[in-house]
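[1] need a 3D model of the sequence below.
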Amino acid sequence: MYVIKKEKSLESAGVFSKALHFDVGVLYEYEYSTSMAVAPISVDFGDVPLTTAEAVIQVHSLWNPQNQEEQLLHIKIQDLKLTPSSSDTTKPLPVDEKTGGFAHIKDAFIVHIHSGKILRVFDTSKDNTVSLNFKRGLASLFQIQTSSGVMMEDDATGRCQVQYQTLKDEIIKVKDYESCEKSITDITFSDQIWRISSAGSSKTVFTMEGRHIKSVTLKEFRSVVLDEQTTVGIHISSRQLLRLLSTKSGDNKEAQGELQEVLFSFKGSHVNYTIHAIPAVRQSALSGYPVSSILDHLTANGTNISQLTTTKAFLQLSESLCTMEKNDILNILKKSDKKMLPILIDAAAAASTPAALDAIVSYIDIADPKTVPLLEKFLYACAFSSQPSPHLISVISHVLSVSRQTHEIALIVLGTVIRKMCSANMCNLQEVEDAKKLILKGLSASKEETEIKSHLLALKSALLPETVPVLLQYIDQSKSLSSIVLSALRKLPSQHITKEVKEHVREIFAQKKKSFSAPVRVAAAQLLLTQDPLHTDVREVILRIAKEKPEVSKFLTAKIMSMLQSENPARNIILNVLKDSKLNNYFHLGRVGCSSSYTGLIAETKDTITSYDFDFLFSETGALKQSNSHFSTQSRAGSLHSLQVSLELAGFDSLFGTEPAEEAEEEELMAGMSAMFLGVQIQPIVFFQGYGDLMSKYFSAAEGPMNILSGNILVLKQRPSLILQSGLQTHVFFHGGLSVNVSADLEFSLFGQEAKSSVNNEFSIAVSARVEVEIPHMSTTAETVADMNSSIGFVTTVNFSDTPMQYCLQLIREPLLYRERTSTQVTTQNRRKTAQQRRRKWTIPGEETALHRDNSKMCRHLI
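    Numbers count the residues shown, from 1 in each chain. The predicted structure is shown next:
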């Protein structure tokens, strides 16, 4: 990688090149070649073929005023030939006017240069992007400055920052593509779960002979990789060489007159273009399969979510459905086996075209209660869509107006799609505005708490800063509503947590106007500690530790200690507050209780860090009231909230024969769970509510774990297009899918006084990175394909028989099998040749993570 050093800007210094000049009446003949190699990111360029184009270039001055700072250059490409590989015995393939893609390549073009900078390119080609870009790449080699320094410069790849260094007979130009305003043209969908990154640099060496270019050598390196797994990606090596062959006098006459007159004289036959190359839009040439073939393959192999065949078939289906009409998709749904409907629904939502969405809605009779499972499946698939659109909002709004059975899920999904639309700068679209009004109007009209709760969950999913005043209207109402509002506020950027918001939160924590349950007060304290924390608030939370009941004070102490061990924004403020010896002592912070808070690492690779946060709050009599488990992954692209599970229990003090606390006297026996997966809120579930419901389910036949989420999700779909210095274009396609099955279970032993909750996540992932280069007579394709599958389970066991209560946390990961395949293929005159192929795989052993020392001791005691 070439590095640009900061030096005095050439533009600010007003220094321009006076070296580059083409004499009047002289024909300059150059030998020109450009070569390129593409490969999977883990494969060396020496292991893949090199594609080379060679030509003879003739240049002469067409117009040159008195000051010689400005010139029009007449450039003609002759004898263009293509060679598939430097080690191939195939003879060079000539390119003529009939060669597809390079039509008009031999037509002369004109370059307008002023003070060493290319201002415009004039060409006869009006409709051949490939030929014109090739000429732009060639013209860029004649752009040069003679004084050392840093400046912005335009060439075939765009507008970038470059550094010039002048030596005795050489001028060196270095460019870092990260400085470019737009060096990669990307067809990107707005809410990608995974991200890609591009990097690149180039170095150009000009050898001068007086005021003329003797030779130019340019070397360029580009790469595009998956942030979460950098062995999945591609890289490109490109080289341009220009060498002076001869100079000779000719009959080339310079035009006379002013520049505008000269330009006007050939305006009819030439079109004015910028030096920037324009990407040629095309569909990636993926090896697709007919939908019927994909479904037949699934029928033979099964549609188990944990199988990679399901994930790969889902990706193929989503691509196929993208190009199909509504009636064609509808016919497929009608003819398919019922077992294939879930994956077809996932694929249609991933395709997210109006035809695919409308076909699903037409197929499902959304007013029929019997179709609720399929409709719920479709709604969740829409929530995970990486291509939100006004049409998608219209479809969900239509479902809301027709189906009452899926009303809460549809509201949550509508809020999620609104958030994605707003993050893609589409918040002001009329469809989005109408969807916002629909949620707010429904909230204001709601009378029952269940209805209010559904609409608040929709606002939580939407994360709209303008709805903060609305949320505050419900912040001090019932326990469940307050919890939703506080959770929503914690997810907003800190700049939207105003003084008014913090005042409401302080009142809840301090119980100034009314009493609140411990979980709500703890949530309020965590918001004060995490959202732009103030010294006074942090001090007040720590100060109140000694005044709280044992379990709340133990939880707050554990949370403070956990934050001190992380990079939390409040860390420095906490350290500052704890300089006060009245607060930082054993009497104040040495609290005894069952409640706790833990933070730690699950796994760390060179690309990602996966961590966990566990919070447990118990009642004063030792019954578990609430547990929160949060798993997140940090990569170069940022933080990904993988899974968040909240378990809420109430009324268990009296169930196990303990004396209930005052706040628990009127609590109904209940157990429920709320989850978020990849940032999408899942409809909360209730395991049981009331003693009668518990007994009914306790003595009934076990039905096994409850399914929270099962389906296929498009986590990555991007088609970046890279323009190289030579003007040649590469098409890159990243595609990734996730098949997941998340289930939860809650078991009670009334006689053993033990409760066990478990969350299990089975998953399989398939991702590919592919680069394609197509030029006349030949094409090169390099690809990396990776896949993996495993399962992760989180089990919490709580024993109520002893005092203090014992609990054990188990994070169990099954062995993970990772497979990776790389290949490079070259097609020359319709004959395909595999130039490189490699497979590798490894297994990461399964393990039970210890989490922390105290937990290990308790697990040995209970299990």
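[2] which residues does the nearest residue to residue 789 once chain neighbours are set aside bridge with?
    Nearest non-adjacent residue to residue 789, counting by Cβ to Cβ, 6 or more residues apart in numbering: residue 764, 3.7 Å away. All C-beta atoms are positioned from the backbone trio N, CA, C, and that covers glycine. Beta bridges link residue 764 to residue 739, residue 789, judged by DSSP bridges.
[3] tell me the confidence at residue 764?
    Turning to residue 764, the model gives it a pLDDT of 92.
[4] same deal with residue 752?
    Looking at residue 752, the pLDDT reads 69.
[5] nearest residue to residue 455 in space, please, no chain neighbours.
    Closest residue in space to residue 455, ignoring its immediate chain neighbours: residue 443 at 3.8 Å, by Cβ to Cβ, 6+ apart.
[6] that's a strand at the one you found, yeah?
    No: read with DSSP: H, G, I helix; E, B strand; the rest coil, residue 443 is helix and lies in no strand.
[7] ok, it touching residue 452?
    Yes: the criterion here is Cβ atoms under 8 Å, and residue 443 meets it with residue 452 at 6.7 Å.
[8] which residues does residue 236 bridge with?
    In beta-bridge terms (that is, DSSP bridges), residue 236 pairs with residue 38, residue 222.
[9] okay, now it: neighbour count?
    Look at residue 236: counted by other Cβ atoms under 10 Å, it has 23 neighbours.
[10] I'd like the numbering to begin with 47 instead of 1 from here.
    With 47 as the first residue, the last one maps to residue 282.
[11] tell me the contacts of it?
    82-85, 266-269, 768, 770, 776, 817 (Cβ atoms under 8 Å, 6 or more residues apart in numbering).
[12] could you save the residues you listed as JSON lines and add columns showing neighbour count and pLDDT?
    JSON lines is the format used below for the contacts of residue 282 (neighbours: other Cβ atoms under 10 Å; pLDDT from 0 to 100):
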{"residue": "82", "neighbour count": "23", "pLDDT": "91"}
{"residue": "83", "neighbour count": "25", "pLDDT": "92"}
{"residue": "84", "neighbour count": "26", "pLDDT": "92"}
{"residue": "85", "neighbour count": "25", "pLDDT": "93"}
{"residue": "266", "neighbour count": "23", "pLDDT": "96"}
{"residue": "267", "neighbour count": "17", "pLDDT": "95"}
{"residue": "268", "neighbour count": "26", "pLDDT": "94"}
{"residue": "269", "neighbour count": "18", "pLDDT": "93"}
{"residue": "768", "neighbour count": "27", "pLDDT": "89"}
{"residue": "770", "neighbour count": "26", "pLDDT": "92"}
{"residue": "776", "neighbour count": "22", "pLDDT": "90"}
{"residue": "817", "neighbour count": "28", "pLDDT": "93"}
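[13] closest to residue 415 out of these?
    The shortest gap between residue 415 and any of those belongs to residue 817, at 49.4 Å (Cβ to Cβ).
[14] so where is the stretch 647-796 of the chain shaky, pLDDT-wise?
    By pLDDT under 70, the weakly predicted segments of the stretch 647-796 of the chain are 700-712, 743-750, 796.
[15] which residue ranges of it form strands?
    Secondary structure of the stretch 647-796 of the chain (DSSP state E, counting those that start in this stretch): strands at 655-664, 670-681, 684-696, 716-723, 726-735, 752-769, 775-795.
[16] ok now do the nearest residue to residue 684 once chain neighbours are set aside, which residues does it touch?
    Residue nearest to residue 684 in three dimensions, not counting chain neighbours: residue 241, with 7.7 Å by Cβ to Cβ, 6+ apart. By Cβ under 8 Å, 6+ apart, residue 241 lies in contact with 272-274, 681-684.
[17] which of those residues ranks first by neighbour count?
    Greatest neighbour count in the contacts of residue 241, by other Cβ under 10 Å, goes to residue 272: 27 neighbours.
[18] ok, that residue to residue 628 distance?
    52 Å (Cβ to Cβ, to the nearest Å).
[19] repeat that for residue 689.
    The spacing between residue 689 and residue 628, counted by Cβ to Cβ, is 40 Å.
[20] neighbour-wise, which of the two wins?
    A count of neighbours by other Cβ under 10 Å puts residue 689 above the other of residue 689 and residue 628, at 22 against 9.
[21] my guess is that one contacts residue 723. True?
    Yes: with contact defined as Cβ under 8 Å, residue 689 reaches residue 723; the gap is 5.6 Å.
[22] between these two, what contacts are shared?
    Common neighbours of residue 689 and residue 723 (Cβ under 8 Å, 6+ apart) are residue 788.
[23] and the strands of the stretch 647-796 of the chain as JSON lines, adding distance to residue 438?
    Supplementary listing: these in JSON lines, determined by distance: least, Cβ to Cβ, whole Å:
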{"stretch": "strand 655-664", "distance to residue 438": "31"}
{"stretch": "strand 670-681", "distance to residue 438": "27"}
{"stretch": "strand 684-696", "distance to residue 438": "22"}
{"stretch": "strand 716-723", "distance to residue 438": "19"}
{"stretch": "strand 726-735", "distance to residue 438": "14"}
{"stretch": "strand 752-769", "distance to residue 438": "14"}
{"stretch": "strand 775-795", "distance to residue 438": "19"}
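[24] tell me which of the ones you listed lies nearest to residue 364.
    That would be strand 752-769 among the strands of the stretch 647-796 of the chain, by Cβ to Cβ, at 6.0 Å.
[25] quick one: strands adjacent to that closest one?
    With DSSP bridges as the criterion, the sheet partners recorded for strand 752-769 are strand 230-234 (antiparallel), strand 775-795 (antiparallel).
[26] please identify the most buried of the ones you listed.
    strand 775-795 (a mean of 22; mean count of other Cβ atoms under 10 Å).
[27] just want the angle from that strand to strand 684-696.
    20 degrees (axes from the mean of the first three to the mean of the last three Cα atoms, to 10 degrees).
[28] now the angle from strand 775-795 to strand 726-735?
    10 degrees.
[29] ok and strand 775-795 relative to strand 716-723, angle-wise?
    Using the same axes, to 10 degrees: strand 775-795 against strand 716-723 is 170 degrees.
[30] give me the buried positions along the helix or strand encompassing residue 828.
    Here residue 828 is covered by strand 824-845, with elements defined by DSSP states H and E. Across strand 824-845, burial judged by 16 or more other Cβ atoms under 10 Å covers 824-845.
[31] and for stretch 422-434?
    For stretch 422-434, by 16+ other Cβ under 10 Å, it's 422-434.
[32] could you do stretch 720-740 as well?
    Applying a neighbour-count criterion of 16+ other Cβ under 10 Å, one finds 720-730, 733-734, 739-740 buried in stretch 720-740.
[33] please apply the same query to stretch 383-391.
    Across stretch 383-391, burial judged by 16+ other Cβ under 10 Å covers 386-391.
[34] in helices only, show me those.
    Among those, the members found in helices (DSSP state H) are 387-391.
[35] dump these to TSV, plus pLDDT.
    Output for those, formatted as TSV (pLDDT from 0 to 100):
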residue	pLDDT
387	93
388	92
389	93
390	94
391	95
